[in-house]
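> Model the structure of this input:
(4 chains)
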2 protein chains.
Amino acid sequence: MSNCRQCIIKRFNALKTLTQEELEKFSDHKTTLVIKKGENLLTEGNAINGLYCIRDGKGKMTKLNTNGKEQIIKFIKGGDILGHRSILSEELVGLNAIALEDMHVCFIPKGDILETIKENANFSLDLMRNISQQLNDANTAISQMAQKPVRDRLAETLIYLEEIFGLDNEACIDVILTREEIANTIGTATESAIRLLSNLKKDGVIDLIGKKIKIINKSSLKNISEGY
Amino acid sequence: MSNCRQCIIKRFNALKTLTQEELEKFSDHKTTLVIKKGENLLTEGNAINGLYCIRDGKGKMTKLNTNGKEQIIKFIKGGDILGHRSILSEELVGLNAIALEDMHVCFIPKGDILETIKENANFSLDLMRNISQQLNDANTAISQMAQKPVRDRLAETLIYLEEIFGLDNEACIDVILTREEIANTIGTATESAIRLLSNLKKDGVIDLIGKKIKIINKSSLKNISEGY
DNA sequence: TACAATGTATGATATTTGTCATAGATAAAA
DNA sequence: TTTTATCTATGACAAATATCATACATTGTA
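Below is the predicted model:
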């Protein structure tokens, strides 16, 4: 079907340093799959043996807490590469990857990845850069979860969602999340998330149109996210 | 002074896959430094150009929050390797590394690391494994920070501290932290941390001997950390 | 269409946590 | 040693957040 060499997605991720031949190899061996809304691409604790490259669609990466609650760790979309742990011997998947809408995903087997790592140090470094960036983001998240009140984290999250998913044609954040999913992102009760969203709307900072959220006053939202 | 080939520390970290020649190269070019208690080995936002390998001593990795508070992200000790971001082009340090007691540290220049990455794919993979493990830990931390109450996080942290630093000859957790540092680890007010420590002591789960903490009933502490 | 299931919203209340104040304990400095 | 600064501890109170209850809205489905 599609060809890695022509895929636009690769320009934006760790695959961008690959040579023509390496891309051909990936293209020949890759499989393409469709993950329907609500289905898992990755499941916590499972083994996989290759990398997944998301072509399009949106998803969430989650973790089941010891108390049984779902925590959303990050959101994913076209261009993201998942499953890097699989190429490091037999490590198991650490997070669930669940589709928020239908996703198209390419799977590149571990063998090809390892071969390419051996031959192309820049690809190695790009993969490392990718993981490293994720670690940096995660460290920031720890700090914010630990020290910011829920209202600030909500504001922060709305800005983050707009950055990740952009705007639809009505200037709303272009992703549909339930209130529960928003609560599971910022780590609070669903009712609290609902209440704080209502407050932000009442203050004219955001607008709520069904499940869609529109940021009206970004600088004010930014201030709230920083505790003012 | 010391030689990388004979260093025991390397057996426990990403340097373990290096060949004799690679270790010689590292040994020839490395510099050794002493970081006094309270001093920074790394400072958030600074540029460095190489990896630091901790020989001995204990430290904390911190992040300054937008509200000016210090968040402790993780603790470090002998065997840990810091500064991996420096080998990925010009990325700046993301966290402060501050000595909790005097540390001895070896510095290996970026050039040697990059050369070795090109020549030894296993070293690449080991570095990746290291960062990947950190990312995994960080994701777990996000989930726990977001969803667990302070008391549970305190219990969790005490168990974690014992795992990392072990016990001294009086069976106390072998690290000295101020109550403020404990509070900055779990993300709460210093007074709250003090109060909850007192509660745990009153319940006979831990003992407090000055700044030293002794875990009396680990399984009970584990239960608390999981919300029971 | 009507029905069930799920999601959203809001009030009342309990619990958790933070803040401020104060005092004693410990460690550092003169 | 004495003095000063920092750290630990605890009470009183305020603020933030969770929980429970209930009602309404929306969505999917028989």
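> who touches stretch A:212-223?
Stretch A:212-223 is contacted by residues A:155, A:158-159, A:161-162, A:168, A:170-173, A:176, A:197, A:200, A:203-208 when judged by Cβ atoms under 8 Å, 6 or more residues apart in numbering or on different chains. (C-beta placed from N, C-alpha, C; glycine too.)
> what about 10 Å?
Stretch A:212-223 has contacts (Cβ atoms under 10 Å, 6 or more residues apart in numbering or on different chains) with A:152, A:154-156, A:158-159, A:161-162, A:167-168, A:170-177, A:182, A:197, A:200-201, A:203-208, A:224, A:228.
> Mind checking which of the residues you listed land in strands?
Of these, the ones assigned to strands by DSSP state E are A:206, A:207, A:208.
> In contact with the last one: list those residues for me.
The one in question is residue A:208. By Cβ under 10 Å, 6+ apart, residue A:208 lies in contact with A:172, A:194, A:197, A:198, A:200, A:201, A:214.
> Just grab the bridge partners of the last one for me.
Per DSSP bridges, the residues bridged to residue A:214 are residue A:207.
> quick one: pLDDT of it?
We have a pLDDT of 97 for residue A:214.
> Enumerate every residue touching residue A:159.
A:173, A:215, A:218, A:221, A:222, A:224, A:225.
> quick revisit: for the contacts of stretch A:212-223, which PyMOL command selects only the ones that are buried?
Here is the PyMOL selection string for the buried members of these, based on 16 or more other Cβ atoms under 10 Å in any protein chain shown:
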select buried, chain A and resi 152+154+155+156+158+159+161+162+172+173+174+175+176+177+182+197+200+205+206+224
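> Please narrow the contacts of stretch A:212-223 to those residing in helices.
Secondary structure from DSSP state H places A:152, A:154-156, A:158-159, A:161-162, A:182, A:197, A:200-201, A:224 of the contacts of stretch A:212-223 in helices.
> Would you map the strands across chain A?
Under DSSP E, chain A gives strands at A:31-35, A:40-42, A:50-56, A:58-64, A:70-77, A:81-82, A:96-99, A:103-109, A:206-209, A:212-215.
> low-confidence ranges in chain A?
Residues of chain A that meet the criterion pLDDT under 70 lie in A:1, A:11-12.
> tell me which parts of it are close to DNA strand C?
Proximity of chain A to DNA strand C, by Cβ under 7 Å from any atom of the strand, involves residues A:178, A:179, A:180, A:190, A:191, A:194, A:195, A:197, A:198, A:208, A:211.
> Neighbour-wise, which one of the residues you listed leads?
residue A:197 (18 neighbours; other Cβ atoms under 10 Å in any protein chain shown).
> what's near enough to touch it?
A:154, A:158, A:179, A:182, A:183, A:206, A:208, A:213.
> can you check residue A:47 too?
By Cβ under 10 Å, 6+ apart, the residues touching residue A:47 are A:85, A:86, A:90, A:91, A:92, A:93.
> rerun that using 8 Å as the cut-off
So residue A:47 contacts A:86, A:90, A:92, A:93 (Cβ under 8 Å, 6+ apart).
> picking that back up, pick out the most distant pair among the contacts of residue A:197.
By the measure Cβ to Cβ, A:183 and A:206 form the most distant pair in the contacts of residue A:197, at 15.9 Å.
> My guess is residue A:51 contacts residue A:83. True?
Yes: with contacts counted by Cβ atoms under 8 Å, residue A:51 reaches residue A:83, the gap being 5.0 Å.
> which residues are there in chain A that come within reach of DNA strand D?
Within chain A, the positions near DNA strand D by Cβ under 7 Å from any atom of the strand are A:149, A:150, A:151, A:187, A:188, A:189, A:191, A:192, A:210, A:211.
> Which members of those residues are positioned in helices?
Short answer: these in helices (DSSP H) are A:150, A:151, A:191, A:192.
> so what's the last one closest to, chain neighbours aside?
Nearest residue to residue A:192 in three dimensions, chain neighbours excluded: residue A:150, at 6.0 Å (Cβ to Cβ, 6 or more residues apart in numbering or on different chains).
> residues contacting that neighbour?
Counted by Cβ under 8 Å, 6+ apart, residue A:150 has contacts A:186, A:187, A:188, A:192, A:193, A:196.
> redo that, cut-off 7 Å
Residue A:150 makes contact with A:186, A:188, A:192, A:196, according to Cβ atoms under 7 Å, 6 or more residues apart in numbering or on different chains.
> try residue A:5
Here residue A:5 is in contact with A:20, A:23, A:24, A:27 (criterion: Cβ under 7 Å, 6+ apart).
> Might one say that the last one is in contact with residue A:3?
Think residue A:27. Yes: Residue A:27 is within contact range of residue A:3, at 5.1 Å (criterion: Cβ atoms under 7 Å).
> Which one's more surrounded, the two?
When neighbours are counted by other Cβ under 10 Å, residue A:27 and residue A:3 differ, and residue A:27 comes out ahead with 18 against 12.
> what's the closest non-adjacent residue to residue A:45?
Ranked by Cβ to Cβ, 6+ apart and with sequence neighbours excluded, the top spatial neighbour of residue A:45 is residue A:92, at 5.3 Å.
> again with residue A:66
residue B:226 (4.6 Å).
> try residue A:34
Excluding the flanking residues, the one nearest residue A:34 by Cβ to Cβ, 6+ apart is residue A:104, at 5.9 Å.
> With residue A:141 instead?
residue B:142 (4.9 Å).
> for the one you found, what are its contacts?
Here residue B:142 is in contact with A:71, A:73, A:138, A:141, A:142, A:145 (criterion: Cβ under 7 Å, 6+ apart).
> any chance of the residues you listed in TSV, plus distance to residue A:63?
What follows is those, written out as TSV (distance: Cβ to Cβ, whole Å):
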residue	distance to residue A:63
A:71	5
A:73	6
A:138	11
A:141	12
A:142	13
A:145	13
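> Tell me the one among those residues nearest to residue B:34.
Closest approach to residue B:34 among the contacts of residue B:142 (Cβ to Cβ): residue A:142, at 29.3 Å.
> Distance-wise, check the closest one relative to DNA strand C.
15 Å (Cβ to the nearest atom of the strand, to the nearest Å).
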